[in-house]
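>>> need the 3D shape of this:
(one chain, ligands or ions: 1)
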Amino acid sequence: MSTYVLMRILESAPSRYDQGLRILTLGRLDQVYDRLASHVEQGQRVLDLGCGTGALTLRAAHRGARVKGIDVNAQMLEIAGARSEEAKLAERVELCEMGVAEIENEAAESYDVVMSGLCFSELSEDELGCALKEVRRILKPRGILLVADEVRPGSVWKRVLAALVRLPLVLLAYVITQTTTRPVTDLPQRVENAGLRVESVRLSNTATLMELVASKPRAEGV
Ligand SMILES: C[S@@+](CC[C@H](N)C(=O)[O-])C[C@H]1O[C@@H](n2cnc3c(N)ncnc32)[C@H](O)[C@@H]1O
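Down below sits the predicted model:
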């Protein structure tokens, strides 16, 4: 629960990121990512926002997609590159050191799938709003958005519990990395506000991790 805030610490030691992630989430994140990646089809063009060491990128490439993974952390990208070589997926994977804000340079309606794992919670409110609008623009009609991220629970007592567990972890992560994450609020509503249709939402038992699938309508208003 709320251990996602510790990702910031793991990001500062990329070589230990994958192992640390598995331990912190007790392998649950792997299941979430497997479920999300199962929406990806052979030959599709996929963009992974904040791809890190390639957890979602490689899953999509395994399914036969051509994937562009973007991230601001060069060390994480280096590991993603080595993993894609090792898995013999390098020819289907393109990795770019760039920020989410730069997707404004991607061509309109050029991706079948945009995916993001635990990156939206590292963006500011403004960045996230802009990113979602850009995601709509660059998705092909009927293209899909796949997200797994830390969210703020809807129920008051789960919110209080999450905040209590989160606070010491936030402080620890901040002392070590001078950065923090914030659970995303109202993710389904924000996705709808950006003009996408939410197809499914699944929450963890603690209501702190959300898996969301959304699609871009075929044509305006359809
Ligand atoms: C918690 S990690 C998740 C990495 C990967 N998606 C995963 O699930 O293993 C968040 C990633 O988002 C990246 N990130 C944060 N802000 C970003 C931004 N504005 N643009 C691109 N990447 C960003 C970080 O560098 C980091 O690699």
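>>> contact partners of stretch 107-115?
With C-beta atoms under 8 Å, 6 or more residues apart in numbering as the test, stretch 107-115 has contacts from 36-37, 39-41, 44-49, 56, 60, 65, 135, 137-141, 143-147. C-betas here are computed from N, CA, C, even on glycine.
>>> against Thr57, how distant is the residue nearest to Gly52 when sequence neighbours are not counted?
Excluding the flanking residues, the one nearest Gly52 by C-beta to C-beta, 6 or more residues apart in numbering is Met76, at 4.7 Å. Shown here: Met76 relative to Thr57, a distance of 11 Å by C-beta to C-beta, to the nearest Å.
>>> same thing with Leu187?
Leu187 is 21 Å from Thr57, by C-beta to C-beta.
>>> which one's more surrounded, these two?
Legend: neighbour count by other C-beta atoms under 10 Å for Leu187 and Thr57, higher for Thr57 (32 against 23).
>>> I'd guessed that one sits against Cys51; true?
Yes: Thr57 lies in contact with Cys51 (C-beta atoms under 8 Å); the separation is 4.6 Å.
>>> max-length strand in this protein?
When the chain is parsed with DSSP state E, its longest strand is strand 139-150.
>>> helix or strand for Asp30, which one?
Of the helices and strands defined by DSSP states H and E, Asp30 is found in helix 28-37.
>>> how about that helix as PDB, C-alpha atoms only?
Below are the C-alpha coordinates for helix 28-37, written out as PDB (Å, rounded to 0.1, in the frame of the first residue of the first chain):
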ATOM      1  CA  ARG A  28       1.500  -7.600  -8.000                       C
ATOM      2  CA  LEU A  29       2.600  -5.000 -10.400                       C
ATOM      3  CA  ASP A  30       3.700  -7.700 -12.800                       C
ATOM      4  CA  GLN A  31       0.200  -9.000 -12.900                       C
ATOM      5  CA  VAL A  32      -1.200  -5.500 -13.500                       C
ATOM      6  CA  TYR A  33       1.200  -4.900 -16.300                       C
ATOM      7  CA  ASP A  34       0.500  -8.300 -17.900                       C
ATOM      8  CA  ARG A  35      -3.200  -7.500 -17.900                       C
ATOM      9  CA  LEU A  36      -2.700  -4.100 -19.400                       C
ATOM     10  CA  ALA A  37      -0.300  -5.400 -22.100                       C
END
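>>> what's next to the helix or strand just after that helix, contact-wise?
Moving toward the C-terminus from helix 28-37, the next helix or strand (DSSP H and E) is strand 45-49. For strand 45-49, the surrounding residues in contact (C-beta under 8 Å, 6+ apart) are 40, 54, 56-57, 60, 65-70, 100, 103, 106, 110-117, 119-120, 131, 135, 138.
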